[in-house]
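Chemist: Provide a 3D model corresponding to the input given below.
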Amino acid sequence: MKRWARNWRIWVLVGIVLMIAALVPVFARFGDTDLTATPYADVIRFEAEGVATLQVRIFDLSGRELWDSGVVSSWVVDWDRRNEFGERLAYGAYLYQAVGWDVDGSVVLERSGKLALLPGDKVQLQAAPAVASSTGSGTLPPCDSEAKEAVYAPMAYHATNWYVSGRLGVGTDAPGFDVDVRKSVNSGTRIRIENSNTGSNAFADLIVGSGTGKAYAVQKFGPGFSKFTWGGMSLANWARFRSDSGVAGLIFTTGGAGPLVFGTSDSERMRVSPSGNVGIGTTNPVATLQVQGDEANLLALYDSANPIDIKFKVAKTGNVYADGSYYSPTTAVQAGSADVAERINTSEWVEPGNVVEIDPEHPGFFRKASSPYSTRVAGIISTSPGVVLGNNFDAQADKWEDNRPVLAIAGRVPVKVSVENGPIQIGDLLVSSSVPGVAMKATDLAACVGATIGKAMEPLEEGTGVIMAQVMLR
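Modeler: Purely as a prediction, here's the structure:
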């Protein structure tokens, strides 16, 4: 009964205030501000003379946004007294916030406080109460009709932010941190940040930290899309731990030009550079995969059935070990490749299939063999080798690239031949001929010593041609 009488007296007082307010001019200013609110037949017009753009937002007393004009390129904003759902607001007290900018984009107006919608379509603006200081944790009073003002005493609604002096406790009246959330059960959601809009661009954001050391968490809602983001540095370098229903699998990526770094014990172990290079033991990988380390083996592959049985390894010294056979491709690009070749320097132009010899006039170089039974003969220029040795690293291009000819030193390879010394039969020994770079069959076995380049694996009855030969230097 006492509570009802107390509430009755409050409502009588509110009625008297509303009656008095109805008698005052509808043009409202407070203090020395330059924001006015003027009611018309169908709108309330907010005016902030002197600003280039203006934004006005309306909230209920709990701080829930009811209407937002957006940024309007004018010093005048009209509001039809309706909320975001098109519902006309009832008479009573609300909160407002107005921000104005000049032509350079600088904020020149910041106003917030209470807005009273009065009977007769009157309107009043009231300045926000001063922020109360706080030196302890304290507790907020109950939110009944007598304590509405007290609820906002430790807070201030200024510009676009709520400011809370002291610590905020949820589930505790003695918060030990800036924001302290406690629950007495072992399950359930502690903190929920949700955007009520479920469109494809609806985000709920959480930011921890300050300045360039911020960490961000973003949950994006929408049909077929769910993303969680956590990162650091600046907005341009968000790191994302993302799960998209539109993509099969879990994605780790960066949103900007920063690298993706993995580590243990607070130390970096591996990174993916912005260009996509992967570095292990290095922070600046210059190859698709670059491994640097102090272990004896930079790379080691083991048999799962026998963890100590190394099948392949690359030692720190550069030596490569393989427990097994090497197979060159027999399909695709190098179909039929069956020879081992090495890069050589030549003193003249040579082609695949040419027979070459050591150039006596240019040490370290080779040339086409041009005399029969040459004992300087070195082999055959390979057409499509299965294994190439002696490649040079192009430091300027940052890759292994070598366009020098390749000399077959073992295996099967095509060779240019002629019947200068008679038709060639399968199994004939091949030696150099008088035609530069072309082989012929050997008929003088004594002269073959040191001059044989291989054995014919195909016949040639007349003229010149290309046959398959088994490389055999002797």
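
Chemist: What segments of the stretch 51-200 of the chain are helices?
Modeler: 148-151 (DSSP state H, counting those that start in this stretch).

Chemist: Secondary structure class of Ala447, three-state.
Modeler: Local secondary structure at Ala447 is given as helix here, using DSSP: H, G, I helix; E, B strand; the rest coil.

Chemist: Would you quantify the distance from the closest residue to it other than its chain neighbours to Ile344?
Modeler: Among residues not flanking Ala447 along the chain, Tyr373 sits closest, at 4.4 Å (Cβ to Cβ, 6 or more residues apart in numbering). For every residue, glycine as well, the C-beta is placed using N, CA and C. According to Cβ to Cβ, to the nearest Å, Tyr373 stands 22 Å off from Ile344.

Chemist: Give me the neighbour count for the nearest residue to Val419 once chain neighbours are set aside.
Modeler: Spatial nearest neighbour of Val419, chain neighbours left out: Glu462 (5.6 Å); criterion: Cβ to Cβ, 6+ apart. Burial of Glu462 is recorded as 9 neighbouring residues (other Cβ atoms under 10 Å).

Chemist: Surely Glu462 forms part of a strand?
Modeler: No - counting by three-state DSSP, Glu462 is not found in a strand; it is coil.

Chemist: before we move on, back to that, check contacts around the residue nearest to Ala447.
Modeler: Neighbouring residues of Tyr373 by Cβ atoms under 8 Å, 6 or more residues apart in numbering: Val431, Ser432, Ala442, Asp444, Ala447, Cys448, Ala451.

Chemist: from those, which single one is nearest Val350?
Modeler: Ser432 (13.4 Å; Cβ to Cβ).

Chemist: Isn't the closest one up against Pro372?
Modeler: Yes - contact criterion Cβ atoms under 8 Å: Ser432 and Pro372 qualify, at 6.3 Å.

Chemist: Neighbour count: the two, which is higher?
Modeler: Ser432 (27 against 17).

Chemist: Tell me the bridge partners for that one.
Modeler: Listed by DSSP bridges, the beta-bridge partners for Ser432 are Ala439.

Chemist: residues touching it, list them.
Modeler: 355, 357, 369-374, 377, 438-440, 451, 453.

Chemist: quick check, nearest of the residues you listed to Asp339?
Modeler: Of the contacts of Ser432, the one sitting nearest to Asp339 (Cβ to Cβ) turns out to be Ile453, at 12.7 Å.

Chemist: Wait, the closest one touches Asp428, no?
Modeler: No - contact criterion Cβ under 8 Å: Ile453 and Asp428 do not qualify, at 11.7 Å.

Chemist: Between these two, tell me which one has more neighbours.
Modeler: When Ile453 and Asp428 are compared for neighbours, Ile453 comes out ahead with 29 against 23, by other Cβ under 10 Å.

Chemist: Tell me who's in contact with that one.
Modeler: By Cβ under 8 Å, 6+ apart, the neighbours of Ile453 are 355, 377, 379-380, 415, 430-432, 439, 469, 471-473.

Chemist: Let's have those in a markdown table, adding secondary structure and pLDDT.
Modeler: Below are the contacts of Ile453 laid out as a markdown table (DSSP: H, G, I helix; E, B strand; the rest coil; pLDDT from 0 to 100):
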| residue | secondary structure | pLDDT |
| --- | --- | --- |
| Val355 | strand | 97 |
| Val377 | strand | 96 |
| Gly379 | strand | 94 |
| Ile380 | strand | 96 |
| Val415 | strand | 96 |
| Leu430 | strand | 97 |
| Val431 | strand | 96 |
| Ser432 | strand | 96 |
| Ala439 | strand | 97 |
| Ala469 | strand | 95 |
| Val471 | strand | 94 |
| Met472 | coil | 90 |
| Leu473 | coil | 88 |
